[in-house]
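A.B. asks: show me how the following folds:
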Amino acid sequence: MRSQLQQLLWDSRGVWIAAPLVAVLVIGLRFAGLLQSWEWEAFDLYLRLPPTERPDRRIAIIGIDETDYKRVQQGYIADAVYAEALQKLKAMQPRAIGLDIYRDLPYEPGHQALVDIFASTPNLVGIRKVVGDRDRDAVAPPPMLAEKGQVGANDLIIDADGKVRRGFMYLSEAEGNTVYSFALYLALLYLDAEGIGPEVLEDGNWKLGPTEFRPLEANDGGYIRTDSGGYQQLIDYRGPVAHFESVPLRDLLDDRLPPDWARDRIVLIGVVSESANDLFWVPHSGGLLSLPERMAGVEIHANLTSQILSAALDDRPPIRSWPEAIEWLWILLWCALGATLTWQLRYAGGVRSVSLQRAAAGLLAVALLFGTTYIAFIYKWWIPLVPPALGFAGSAIAITAYIARTAGDIRKTFGRYLTDEVVANLLESPEGLKLGGERRQITIFTSDLRGFTALSERLPPEEVVKILNFYLGYMADVITCYQGTIDEFMGDGILVLFGAPTARPDDAERAVACAVAMQLAMRQVNLQMEQWDLPALEMGIGINTGDVVVGNIGSEKRTKYGVVGSQVNLTYRIESYTTGGQILISETTLNQAGAIVKIDSQREVMPKGVKEPITIYEVGGISGKYNLFLSKEEERFFPLPNAIPLQYIILDGKHVGTTFFKGKIVNLSNQGAAIARADSQQPMPTALTNLKLNLIDYQESELSEDIYGKVTDKTDSSGNFYIRFTAKPPEVAIRLQTLYESIKGG
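C.D. replies: Okay, the predicted model is just below:
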């Protein structure tokens, strides 16, 4: 049982690791308030999506618009006009009249007439602004209505995005006195005729009829640490702007309304004109297919009034939300669902293909989340949408990243033996793992360190490996930069392909640019060699372009991505002609790379296995977008006061010849020497021949350690031949360097 549990935990490790971590992250983002505005947008969308409710016939609005101001021919409406309007409205016997007009000061003429109306109308409610804000200070109520206690607060709560989503049931003024909201006062007047009054429960919440009104808390719904002072409610808007029956003030004044138009209704009087500073953005103010439109403050109060009536009389509850702990579990659930789906379907569709199963599962989950929260909203539950959606996506991304990381580790491990591009070809191409190859023209690049074999013989194996790893790592970075495919490391040699597995039109010029960059990078390599108290390294590079066969070569048990053909052998031959710091390319490579390649010299050679001589070119740099050039120091030879006797033998590839020849060093440079043959009958070594040399100490009857050099094409009138040293033992190097410095200074 224990082992089965351990196996189950291991098999589902992605889920139980990713889901809680992502849930904590999402909850943290939510608590920081970063998701609040998105949740508000979801709330607004859910309010707009249902079919528009029928207008609440219990409520009507008398709106004061621009035409009403023109009718009185002034920018405000005098008290006499309101007195006349209220008198006419009283005659229609409404249950409640709400005057959403500030009247703390008289507006003559007719102020006394208005005061008389206030005094004689018990179902009239005026307004006051309890809480001052940056736009307007608190506004006192009409004195007569305040004296009679017929005043409600018309304060509105504006969220950070400028929309009104909340309203007050009541709030407290600075002195601590409770002030009913304008909407609640009007609703209570209406409900009183129905025999319904407010009931205060043990927990302090209000109840009207069958419905309990739970006050909004700081973190309810999508809100985070909001100011929940007073007794706030989310406003469940019945519809868009101008949804309630509304008539202009002039229709009332001119007796164009039926005598019973206001009977048993709540009638609100307020300004609806664009010029008034009483228009607000609400959830219905905008949508994908509609222009944004602000709602008048009097209509917002009408919506809140209607909401209270509907809750008490129509079993239409106010919008509620879950406790925070349940919302956290809701978020965790969707994080777990996203992680589980992604984990279970991680192999669906293979490595590269887009899985229809994965896509369908993701879309179905999103639809389920949207549908669940929307249906809940229809039943007046505001359940978070954005945090679980973010958790679902985040968990899926986390699992995908984990799987990609695991695959990346495998790819990285695989890439230690093959290049990234070859690995991608093998793992992602349907044909990648098949044996066989294809004929293709590519540019082949090979490099080799001069004299490294002799150096490695004098060092411990661990030191040799350290040097090789550092050098090859440095060069691999350069090769990768120029999109070369490293086919093989052969000791200190590197075989690079440009054009396989991916062919590009600039393969040849990139190969040349890569070679120049690698030679320039040897400066940094040799700085490290100097810190290790080791001799400097020199590298030769050969490049050739030709037709080869590339692909997977081997058997079902052991396969290598490689290249086969005579052009590969020719590339090695070209590289063998180089001295340290040289880059030699074939004519085909030069033709492919073009005129941007700077050529320092050229010569005709006859490599083994080639029927006709070929021309090779020494590269000095490459212009164009690369703009890389090798610095060439002029090699100066100085005559030795006393020639140094030596013997040499000609090397044939990796084989040492059997005939020793005598000679002596007569001229010396920093990198080479001029050698005079002991006998003019001795054969003159041909250019590019490799030699092994030993200095002769006749007094001690000893030979120096082996020195290696390559014959150059430089000659002089005395019949001397010149070599470029490719490897010198430390003792010989010190001796020759000291001697060179002395003759150069003299």
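
A.B. asks: the residue nearest in space to the middle of the chain: what secondary structure?
C.D. replies: In the chain, the centroid-proximal residue (CA atoms, centre = their mean) is Ile397; its distance is 12.1 Å. The assignment at Ile397 comes out as helix when based on DSSP: H, G, I helix; E, B strand; the rest coil.

A.B. asks: from here on, call the first residue 7.
C.D. replies: Noted, 7 is the first residue going forward, which turns the last one into Ile403.

A.B. asks: distance check, it against Leu338.
C.D. replies: 17 Å (CB to CB, to the nearest Å). Using the backbone N, CA and C atoms, a C-beta is placed for each residue, glycine as well.

A.B. asks: over to Ile103?
C.D. replies: Taking CB to CB, one finds Ile103 at 52 Å from Leu338.

A.B. asks: more neighbours: those two, which one.
C.D. replies: Neighbours were counted for Ile103 and for Leu338 using other CB atoms under 10 Å; Ile103 has more, 26 against 20.

A.B. asks: can you confirm the more buried one is in a strand?
C.D. replies: Yes. According to three-state DSSP, Ile103 belongs to a strand.

A.B. asks: without its sequence neighbours, what residue ends up closest to it?
C.D. replies: Spatially, and ignoring its direct neighbours in sequence, Ile103 is nearest to Leu130 (4.7 Å; CB to CB, 6 or more residues apart in numbering).

A.B. asks: burial of the one you found, as a residue count?
C.D. replies: Neighbour count of Leu130, defined by other CB under 10 Å: 24.

A.B. asks: now do the contacts for it.
C.D. replies: 92, 102-103, 105, 123-124, 151, 156 (CB atoms under 8 Å, 6 or more residues apart in numbering).

A.B. asks: distance of the residue nearest to the centre of the chain from Gly155?
C.D. replies: For Ile403, the distance to Gly155 (CB to CB) stands at 59 Å.

A.B. asks: next: Val662.
C.D. replies: Note on Val662: its distance to Gly155, by CB to CB, is 120 Å.

A.B. asks: please apply the same query to Leu41.
C.D. replies: Separation of Leu41 from Gly155 (CB to CB): 43 Å.

A.B. asks: the two: who's more crowded?
C.D. replies: Set side by side, Leu41 and Gly155 show more neighbours around Leu41, with 22 against 10, by other CB under 10 Å.

A.B. asks: over to the closest residue in space to that one that isn't next to it in sequence: give its phi and psi.
C.D. replies: Distances taken as CB to CB, 6+ apart place Val392 nearest to Leu41, at 5.1 Å, with adjacent residues excluded. Here is the backbone geometry of Val392 (degrees, to the nearest 10): phi -70, psi -50.

A.B. asks: contact partners for Val392?
C.D. replies: Contact analysis of Val392 by CB under 8 Å, 6+ apart lists 41, 44-45, 48, 228.

A.B. asks: now swap in Pro394 and tell me
C.D. replies: 336-337, 339-341, 375.

A.B. asks: re earlier: by neighbour count, which of the contacts of Leu130 wins?
C.D. replies: Leu105 (28 neighbours).

A.B. asks: right, and that residue touches Leu255 too?
C.D. replies: No. The pair Leu105 / Leu255 is not scored as a contact, 11.8 Å apart, by CB atoms under 8 Å.

A.B. asks: shared neighbours of the two, anything?
C.D. replies: In contact with both Leu105 and Leu255: Ile275, using CB under 8 Å, 6+ apart.

A.B. asks: neighbours of Leu501, how many?
C.D. replies: With other CB under 10 Å as criterion, Leu501 counts 20.

A.B. asks: hang on, it packs against Asp454?
C.D. replies: No. Using CB under 8 Å, Leu501 is not in contact with Asp454; the gap is 10.1 Å.

A.B. asks: shared neighbours of the two, anything?
C.D. replies: With CB under 8 Å, 6+ apart, Leu501 and Asp454 have no common neighbours.

A.B. asks: name the element the closest residue in space to Glu494 that isn't next to it in sequence belongs to?
C.D. replies: Using CB to CB, 6+ apart and skipping residues adjacent in sequence, the residue nearest Glu494 is Leu501, 4.4 Å away. Here Leu501, judged by DSSP states H and E, is contained in strand 499-504.

A.B. asks: contacting residues around that strand?
C.D. replies: 448-455, 478, 481, 485, 488-495, 510, 513-514, 516-517, 520, 556, 569, 574.

A.B. asks: check stretch 59-69 too.
C.D. replies: Residues contacting stretch 59-69 (CB under 8 Å, 6+ apart): 91, 95, 196, 244-245, 249-255, 258, 267-268, 270-278, 302, 304-305, 308, 311-312, 315-316.

A.B. asks: rerun at 7 Å
C.D. replies: For stretch 59-69, the external contacting residues (CB atoms under 7 Å, 6 or more residues apart in numbering) are 196, 244-245, 249-255, 258, 268, 271-276, 278, 304-305, 308, 311-312, 315.

A.B. asks: include distance to Pro221 and pLDDT when you put the contacts of Leu130 into CSV, please.
C.D. replies: Shown next, in CSV, are these (distance: CB to CB, whole Å; pLDDT from 0 to 100):
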residue, distance to Pro221, pLDDT
Leu92, 33, 97
Ala102, 24, 97
Ile103, 28, 98
Leu105, 27, 97
Ile123, 35, 96
Phe124, 31, 96
Leu151, 27, 96
Gln156, 25, 97
